[in-house]
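Q: with the sequence up front, the predicted model follows.
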Amino acid sequence: MSNIGDIKILYSYICSIEKNGALLESRINDLIDYSTLLSSNNLSLSCTEFDLGEVLDEMKDLFGFQAKKKNCKLLIPVPTLMVKNDKARIKQILNNIIGNAIKFTFEGFIRITISP
C-alpha cells in the first residue's frame, strides 16, 4: 500500500502534466493565430486587468520541476499586482524567458524580479 507522501508526489506530477498540456495547447493555438495574423497583416491585443502575481505563481508551478531537475533554484516572487495588459502575451513572454533561462542555466538560480 502506498503512503500519503507517494500519493502527494504523484498528484503533483499529474497537476504538472495537466498544466504543461494546457501550455502546449496554448502554444499551438498561438501558432495558428500568428499564421492567420501574418497572412492578414492584422495583429490585435486583448488588454484586460489581471493579477500578475497569479500569472507568476502559475509560472512557478509550471517550471519548478524543470528547474529542480537541473539542480537550479527558481526564484519568482508572487506579489499581488493588478496590471492592465494582454494576459496571454505576458504569459507567452514569461514562458519564453523562464524556459530559456532554465535551458541555459546549469547551476545556481534563476530570479525573476517585478517592479511596479
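A: Cool, got the structure.
Q: could you measure from residue 102 over to residue 54?
A: Per CB to CB, to the nearest Å, residue 102 is found 21 Å from residue 54. Just so you know, the C-beta spots here come from the backbone N, C-alpha and C atoms, and that holds for glycine as well.
Q: of these two, who's got more company?
A: Neighbours were counted for residue 102 and for residue 54 using other CB atoms under 10 Å; residue 102 has more, 17 against 13.
Q: let me know whether that one touches residue 63 as I believe.
A: Yes. Using CB atoms under 8 Å, residue 102 makes contact with residue 63 at a distance of 6.1 Å.
Q: so what sits against both of these two?
A: Common contact partners of residue 102 and residue 63 (CB atoms under 8 Å, 6 or more residues apart in numbering): residue 74.
Q: give the contact list for the closest residue to residue 52 other than its chain neighbours.
A: Closest residue to residue 52 apart from its sequence neighbours, by CB to CB, 6 or more residues apart in numbering: residue 81 at 4.5 Å. With contact taken as CB under 8 Å, 6+ apart, residue 81 is in contact with 51-53, 114, 116.
Q: how much space between residue 64 and residue 28?
A: 23 Å.
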